[in-house]
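> give me a model of this one.
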Amino acid sequence: MWTAVHMTTGVENARDIEKRLRQEGFLVKIKYFTKEGEDELYEILAPEFEAADIQEAMIELGII
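Numbers count the residues shown, from 1 in each chain. Okay, the predicted model is just below:
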């Protein structure tokens, strides 16, 4: 099952995060979530079993 590990604004930011995490060897995908004012929000999704490892990697990579 896929679970959200992060939310970001803008498709460019979402694709950049997806690319960086894939380079680290993670299986991730992005999904449009909603629009708030002028900002589009995207979810970064990952398999549940990798969620904790991905969040640690995002901290190390300076994403969050």
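> show me the residue at the heart of the protein, geometrically.
Taking CA atoms, centre = their mean as the criterion, residue 44 is the residue nearest the geometric centre of the chain, at 2.6 Å.
> would you mind writing the CA trace of the host helix or strand of it as CSV?
Per DSSP states H and E, residue 44 falls inside strand 39-47. What follows is strand 39-47 as a C-alpha-only set of coordinates in CSV (Å, rounded to 0.1, in the frame of the first residue of the first chain):
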residue,chain,number,x,y,z
ASP,A,39,-0.5,26.9,-4.9
GLU,A,40,-0.9,23.3,-6.1
LEU,A,41,-0.1,20.7,-3.5
TYR,A,42,1.4,17.3,-4.3
GLU,A,43,1.9,14.2,-2.2
ILE,A,44,5.1,12.3,-2.3
LEU,A,45,4.0,8.7,-2.0
ALA,A,46,6.0,5.6,-1.1
PRO,A,47,5.3,2.0,-0.1
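> which is the next helix or strand following it?
helix 51-60.
> how about that following helix: buried residues?
51, 54-55, 57-58 (16 or more other CB atoms under 10 Å). Every C-beta, even on glycine, is put in place using the N, C-alpha and C of the backbone.
> what's the neighbour count on the closest residue to residue 39 other than its chain neighbours?
Excluding the flanking residues, the one nearest residue 39 by CB to CB, 6 or more residues apart in numbering is residue 9, at 4.5 Å. As a burial measure, residue 9 scores 14 neighbours (other CB atoms under 10 Å).
> what does residue 14 give?
Quick note: residue 14 (other CB under 10 Å) scores 24 neighbours.
> residue 6 too?
Residues near residue 6, counting by other CB under 10 Å: 20.
> looking at the buried residues of helix 51-60, which one is closest to residue 29?
Minimum distance to residue 29 across the buried residues of helix 51-60 is 11.9 Å, recorded for residue 54 (CB to CB).
> which ones are touching the closest one?
5, 21, 26, 28, 46 (CB atoms under 8 Å, 6 or more residues apart in numbering).
> tell me the pLDDT of the fourth one.
On pLDDT, residue 28 comes in at 97.
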